[in-house]
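# Here's my sequence, what's the structure:
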Amino acid sequence: MADTSPLTGTWLLEAWYNQTRDGRRIYPLGERATGYISYSPDGFVFVHLSAAERVPYKVNDPFGGTADEDSAAIKSQITYAGPYMYHGDHVIHRVTQSSCPNWVGTEQRRMIEFTQEGLRLSATGALFQGEEVTAIVDWRRTEG
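A predicted model of the protein is given here:
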């Protein structure tokens, strides 16, 4: 099924922050986080967000990290993928793969706002370290 939504393409992360009820901004991966979201024409979304300066493992083996290295690696990035459905003012990501096992099999609803700078996706009622927040992610189109 071909997708002709305005989301189609690859977007570069500009900022991700969580806003608390009292207006505080929390940057889960730091203010210089990096990442991409890509909406494919065949209806899939792929997301990868990471801290700007992740600590490398001591050995060049993705399965060779110590428990501390593994913990730091997982806490400094988030990835997920799966089919998506565009609905104009919101998009639903049906998660089939994720670095957070709890997200697999869930639907992640994101409100959509097209801005002069690009795209804003937001999610109210998101849970971050036990606190309900509004997650706000700003993107701009890549220039391949």
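
# Mind listing residues that contact the helix or strand hosting Ala15?
Secondary structure assignment for Ala15, by DSSP states H and E: strand 9-19. With CB atoms under 8 Å, 6 or more residues apart in numbering as the test, strand 9-19 has contacts from 25-29, 31, 33-39, 49, 117-119, 126, 128, 133-142, 144. C-beta coordinates here come from the backbone N, C-alpha and C atoms, glycine included.

# For the residues you listed, which PyMOL command selects only the ones that are buried?
Entered in PyMOL, the line below selects the buried ones among the contacts of strand 9-19, by 16 or more other CB atoms under 10 Å:
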select buried, resi 28+29+33+34+35+37+38+39+49+119+133+134+135+136+137+138+139
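
# In helices, which of the contacts of strand 9-19 appear?
With helices defined by DSSP state H, no entry of these lies inside them.

# now the strands for the chain?
When assigned using DSSP state E, the strands of the chain occupy the ranges 9-19, 25-26, 34-39, 44-50, 77-86, 90-94, 97-98, 107-114, 119-128, 131-141.

# Adjacent strands (with direction) for the second one?
In its sheet, strand 25-26 lies beside strand 9-19 (antiparallel), with partners assigned from DSSP bridges.

# Repeat that for the third one.
With DSSP bridges as the criterion, the sheet partners recorded for strand 34-39 are strand 9-19 (antiparallel), strand 44-50 (antiparallel).

# Would you mind writing the CA trace of that strand as PDB?
The C-alpha coordinates for strand 34-39 follow below in PDB (Å, rounded to 0.1, in the frame of the first residue of the first chain):
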ATOM      1  CA  THR A  34      20.300  13.200  17.900                       C
ATOM      2  CA  GLY A  35      18.000  11.000  15.900                       C
ATOM      3  CA  TYR A  36      15.900  10.300  12.900                       C
ATOM      4  CA  ILE A  37      12.300   9.300  12.200                       C
ATOM      5  CA  SER A  38      11.500   7.800   8.800                       C
ATOM      6  CA  TYR A  39       8.100   7.200   7.400                       C
END
